[in-house]
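J.: Predicted model, plus sequence, below.
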Amino acid sequence: MIMPLIKGLQITISHMFKKPVTLQYPTERPEIKPGFRGLHALNVSHDKAKCVACYLCPTVCPAKCITVEAGEDANHDKYAAKYEIDMLRCIFCGYCVEACPVDAIRMTEQFELANYSRADFTYTKDRLLEKK
Amino acid sequence: MVNLTINGKQVAVEKDATIYDAAKACGIKIPILCHDKKLHPFGGCRMCLVEVEQMKGRLIPACTTPVTEGMIVQTTTDEIVKARKLVLELLLLKHPIDCPVCDAAGDCDLQNLTYEYKVNMNRFVDEKFNHEIDYENPLIERDMNRCIHCGKCARICDEIVSYGAYTFINRGIEAKMGTEFDGPLNCEFCGSCVSVCPVGALNSRPFKFKARWWALQKTKSVCSYCGTGCQLTLGSKDGKVLTTIYDENQGFHNGQLCTRGRFGYQFVNSDKRLTTPLVRKNGKLQEATWEEALAEVTSRLSAGKSDPASVAALATPRLTNEELFLLEKVFRGTIGTDNIDHSAGFAHEALTKGAVASFGVAASPSEIADIQKSNLLLVVKSDAYETHPVIGFEINLGVKRKGVAIRIVSDKKGKLTRLPGAKTTVHTPGSEVALFNALCKSVIDQGLVAEGVAGLDALKAAVADATAEKAGVTAEEIAAVAKDYATAEKALIILPIGLGYPGHNAALASAAANLAILTGKIGKEGSGLLIMGEKNNSQGAVDMGIYPKGTGLAASAIIDGCANGNVKTLFVAGENPVVSYPNRKKVEKALENVEFMVVADLFLTETAALADVVLPACSFAEKNGTFTSLGRRVQNVRKAIPAVGLAKTDFEILNALSQALGGARYNNQGEVFTEIAATVPAYKGLSQAGLKDEGAVYPVAVAAKLVPVQAKTAAPAAGKLAMVTGSALYHCGTMSRFGEGPMYVCPDAYAELNVADASALKIAEGDQVTVTSATGAVQVAAKVGKRVPQGVVFSPYHFGEGSVNTITDGAEVTYVTVAKK
Ligand code: SF4
Ligand code: SF4
Ligand code: SF4
Ligand code: SF4
Ligand code: SF4
Ligand code: FES
């Protein structure tokens, strides 16, 4: 039993001389890997949300947390009059991004989503619109 | 029967079947784009190509090729798939790929086939069309860039609707589905074209962008407007009815609907709906709880138990059979009053008295299916089409496809008049009974009486002095109609009745029945009399006994009773007498005078505004139950959405009242149906589950007998015009005013005049005119045309503003003067 003990100590001691992996959050920030799925954002084109309210993302969303309501603008075009994600139910699967035929929604690197009230987890169109 | 082999399967089909029909019969799916089972084969899209062994070397369209004995058909060889892919590629050459914004996505035949046939690229390139999109129309949006030229819209509008709004214009690649002078669409707005368009070229505007087809919850139910009893599929989402969905396999009408059924359902989610009970306090209606409101109603009604004659109830024939049955039980049974009526007192006497006298039953002896099985239709009033549009489609089909002859007797011309071979006899307003008596006399004079008709002598005596002149038509016309009718092998009389038609009462039903009996046109398929109740459950209301029997007061007497204080408590379920009953001022006064009035309704109608307690009721989309259509078909109504606000179904309201008054209590409406099946003879043996989707036609045992009736002679007033009332195509009763669709097309009351009268009075189309009668005056817009004969004014009765019942008083004809405002 002496050998395993020594082996164990070896590992322990080796770690004493390694750089710690713990991040001193929030002073230190993690490096976000590509493909990370954080808070959603609605892409903008020509000063408007790109979303054409095709209802594909609410259809594909397994958590059923997206609400889209289409409206008709002055040119008779379709736009998302309402676009809302209930972030408490979202499982960050990214299917919505996959489904979008017009590349209107993406997932950002933002992961700090904690909040105090339920209402604050409802991300309306305004809150999701890509900030320029 | 013809035998053939499809994909190795043996099939036997009728000899007029096509390859497509044969394949369908044995469960083999052949893709189609331009084919619709209701329409004549067209063969325009070439999607249905198949291979026939005997015709090797080329591919054959399955939808237009009749089967022949011994045919060997293959439906999916490599070559066929290649050909179909090519068809799709060619269609996609010009078709915009705007599926994300197209409303048809998810329910688009082109999209589905493109997916199924994996058309991922196109060998051809060309510029897309850039046709202007027609946004002008409030109900139908037309984007001809998406059109695939299947011609279905033009064919359905022509073949079934008989309107003919569309046609192909231009040739070759420039070809386009166009309208009259390529202008905006101006038609009946039945939406039939929208329903059959396989792509997103024609869209329903009220439903535009609201939801995707796949996200809709689909509930099969029955239209709640007219008595035709069309089945429809409600598409709802998040507790709102958003649209009706086309299903070509639904109902006797194969999914065909009229403008109200298609575009008139918005009243269900209208933000004008009542959501809480209202109780009058200090002279004002104020929100209250159900407990409070019901307590008030209960105490009033139980007080009425000691003097039942002082209690009365008026119900709308829009309630379900179960609700009407319960209403009868509460008022006639528990409270003990016989003063109950639906609009029968005014409008359904033809059924409750006329049909009973002539046939021994309060129902039509014929069914809707008889229309297409007949040889000749005799339509009373040209607007049978306007009151019951889908019956109108059946008539169109009968006349155009089955060669059924059509004769119309009416006080004005209408759409049916324009059908091929139609002959219209225009009589003076209000002389329908005189006209039928004259027809009977002519049949007798021409020796066309059927053998063995009992009671002939009495009828002969009664019609002895009936002349064509009394109806304002020529003797030749009468003789011709009588002869055509009597000599047809099978002939069916179509008689619309309802609040819009004063005078279409018991006498007219009997007069019409006499003609049928006299000529032996009763008791066989394709013959008889179809008495068409106005509302969705008019027949059910009669079957459930919602009319005074014995000493009870009928609707008009109830109103009088309210006025003179004999009726102290009035319960109104969904009826709106202020607008729909004749003589508005009188009705208003009476209802203001009645001590206590309860109104259960969807909206704060003109009547509800006068009530002491208003109870918010549920629409047909929020409840289960049954309706009985004019052809005696009992059909299931199904709940599609939860109740709006605090609204309760009339069943829940009446059940609560029944219990509080010491009557029966039911656990659910189904128990009531069971009781109906046990106690109403015609409904014996029916069960709600057994009705399934198609419903059941209950049988009637007709004991026909001649009932001589005397024609009243209306005294014409010199220098005045004869005003007749009726229905406008887009409306039904007063409820369609809350459906956005009908209101886009027909928002206001109008008076329709003949061009000659209009020019004499210097009135132009659209002018505001004042119509004055002995009862009052009303201001409406003028409509000028050739539909109404000279000396006659026609006005629909549905509207609260400019309501024509301000000037009518229940007479067949109201003599009026019309002057520019
Ligand atoms: S990430 Fe997944 S769960 Fe979240 S909104 Fe998108 S589809 Fe729905
Ligand atoms: S899939 Fe894209 S375009 Fe469609 S509703 Fe979602 S975000 Fe909008
Ligand atoms: S709505 Fe009806 S009448 Fe109008 S074009 Fe379409 S099918 Fe014809
Ligand atoms: S509008 Fe629609 S129904 Fe009419 S021809 Fe074009 S694709 Fe066919
Ligand atoms: S209103 Fe009458 S004809 Fe029109 S869809 Fe409804 S039941 Fe059918
Ligand atoms: S479906 Fe047969 S040719 Fe169009």
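T.: Arrived safely. Ligands and ions are numbered 1, 2, ... in the order given.
J.: Find the closest residue to ligand 2 in the stretch 101-250 of chain B.
T.: residue B:101 (9.0 Å; C-beta to the nearest ligand atom). In this view, the C-beta of every residue, glycine as well, is placed from N, C-alpha and C.
J.: Could you check how many residues crowd around that residue?
T.: The tally of other residues near residue B:101 (other C-beta atoms under 10 Å in any protein chain shown) stands at 18.
J.: Find the nearest non-adjacent residue to residue B:657, please.
T.: residue B:330 (5.8 Å; C-beta to C-beta, 6 or more residues apart in numbering or on different chains).
J.: So that neighbour versus residue B:304, what's the distance?
T.: 11 Å (C-beta to C-beta, to the nearest Å).
J.: and what of residue B:649?
T.: 23 Å.
J.: which strand is the longest one in chain A?
T.: strand A:78-86 (DSSP state E).
J.: next structured bit after it?
T.: helix A:95-99 (DSSP states H and E).
J.: Can you show me the helices along the stretch 501-650 of chain B?
T.: Secondary structure of the stretch 501-650 of chain B, counting by DSSP state H, counting those that start in this stretch: helices at B:506-518, B:538-543, B:555-564, B:577-580, B:584-593, B:650-660.
J.: Serialize the ones you listed to a markdown table and add fields for distance to ligand 5.
T.: Shown next, in a markdown table, are the helices of the stretch 501-650 of chain B (distance: least, C-beta to the nearest ligand atom, whole Å):
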| stretch | distance to ligand 5 |
| --- | --- |
| helix B:506-518 | 21 |
| helix B:538-543 | 11 |
| helix B:555-564 | 23 |
| helix B:577-580 | 16 |
| helix B:584-593 | 25 |
| helix B:650-660 | 20 |
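J.: Outside of stretch B:247-257 itself, list whatever touches it.
T.: B:36-38, B:160, B:190-192, B:195, B:220, B:223, B:228, B:230-233, B:244, B:246, B:368-369, B:390, B:393-394, B:633, B:693-694 (C-beta atoms under 8 Å, 6 or more residues apart in numbering or on different chains).
J.: What's the end-to-end length of it?
T.: End-to-end distance for stretch B:247-257: 10 Å, by C-alpha to C-alpha, to the nearest Å.
J.: right, and the residue of the stretch 101-250 of chain B closest to ligand 2 touches residue A:55 too?
T.: No: counting by C-beta atoms under 8 Å, residue A:55 is not a contact partner of residue B:101; they are 10.6 Å apart.
J.: Could you count how many residues lie near residue B:711?
T.: Residues near residue B:711, counting by other C-beta under 10 Å: 23.
J.: How about residue B:183?
T.: Neighbours around residue B:183, by other C-beta under 10 Å: 10.
J.: Before we move on, what's the pLDDT of it?
T.: Note on residue B:183: pLDDT of 89.
J.: distance of it from ligand 3?
T.: 13 Å (C-beta to the nearest ligand atom, to the nearest Å).
J.: Please apply the same query to residue B:639.
T.: For residue B:639, the distance to ligand 3 - C-beta to the nearest ligand atom - is 29 Å.
J.: tell me the contacts of the spatially closest residue to residue B:574 that is not a sequence neighbour?
T.: Sequence neighbours aside, residue B:316 is the residue nearest to residue B:574 in space, at 3.5 Å (criterion: C-beta to C-beta, 6+ apart). Listed by C-beta under 8 Å, 6+ apart, the contact partners of residue B:316 are B:342-343, B:535, B:573-576, B:733.
J.: one more time with 7 Å
T.: B:342, B:535, B:573-575 (C-beta atoms under 7 Å, 6 or more residues apart in numbering or on different chains).
J.: possible to save the residues you listed as JSON lines with distance to residue B:250, neighbour count and pLDDT?
T.: Listed next are the contacts of residue B:316 as JSON lines, based on distance: C-beta to C-beta, whole Å; neighbours: other C-beta atoms under 10 Å in any protein chain shown; pLDDT from 0 to 100:
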{"residue": "B:342", "distance to residue B:250": "27", "neighbour count": "32", "pLDDT": "92"}
{"residue": "B:535", "distance to residue B:250": "21", "neighbour count": "28", "pLDDT": "95"}
{"residue": "B:573", "distance to residue B:250": "29", "neighbour count": "24", "pLDDT": "97"}
{"residue": "B:574", "distance to residue B:250": "26", "neighbour count": "26", "pLDDT": "95"}
{"residue": "B:575", "distance to residue B:250": "30", "neighbour count": "27", "pLDDT": "94"}
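J.: State the pair within the residues you listed that is farthest apart.
T.: B:535 and B:573 (12.8 Å; C-beta to C-beta).
J.: quick one: low-confidence parts of the chain?
T.: Picking chain A for this. A:132 (pLDDT under 70).
J.: wrong one, chain B
T.: In chain B, residues with pLDDT under 70: B:344, B:714.
J.: for it, which helix is longest?
T.: Longest helix in chain B, counting residues (DSSP state H): helix B:78-94.
J.: Quick check: buried residues in that helix?
T.: Neighbour-count burial for helix B:78-94, counted by 16 or more other C-beta atoms under 10 Å in any protein chain shown, picks out B:80, B:83-89, B:91-92, B:94.
J.: rewinding a little: for PyMOL, write the selection for the buried entries among the contacts of stretch B:247-257.
T.: Buried residues among those (16+ other C-beta under 10 Å), as a PyMOL selection:
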select buried, chain B and resi 36+38+160+190+191+192+195+220+223+228+230+231+232+233+244+246+368+390+393+394+633
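J.: Can you pull the phi/psi pair for the closest residue to residue B:488 other than its chain neighbours?
T.: The spatially closest residue to residue B:488, leaving aside those adjacent along the chain, is residue B:376, at 3.7 Å (C-beta to C-beta, 6+ apart). Dihedral pair for residue B:376: phi -150, psi 130, per degrees, to the nearest 10.
J.: Double-check residue B:30 against residue B:23; I have them as touching.
T.: Yes: with contacts counted by C-beta atoms under 7 Å, residue B:30 reaches residue B:23, the gap being 5.1 Å.
J.: any shared contact partners between the two?
T.: With C-beta under 7 Å, 6+ apart, residue B:30 and residue B:23 have common neighbours B:62, B:75.
J.: dump the residue contacts of residue B:654.
T.: Residue B:654 touches B:323, B:326-327, B:330, counting by C-beta under 7 Å, 6+ apart.
J.: What separation do you get for the residue nearest to it when sequence neighbours are not counted and ligand 6?
T.: For residue B:654, ignoring the flanking residues on the chain, the nearest one in space by C-beta to C-beta, 6+ apart is residue B:326 at 4.4 Å. Separation of residue B:326 from ligand 6 (C-beta to the nearest ligand atom): 50 Å.
J.: Also residue A:66?
T.: 38 Å.
J.: That residue and chain B, how far apart?
T.: Between residue A:66 and chain B the computed distance is 12 Å (C-beta to the nearest C-beta, to the nearest Å).
J.: State the phi and psi torsions of that residue.
T.: Torsion angles, degrees, to the nearest 10, at residue A:66: phi -100, psi 130.
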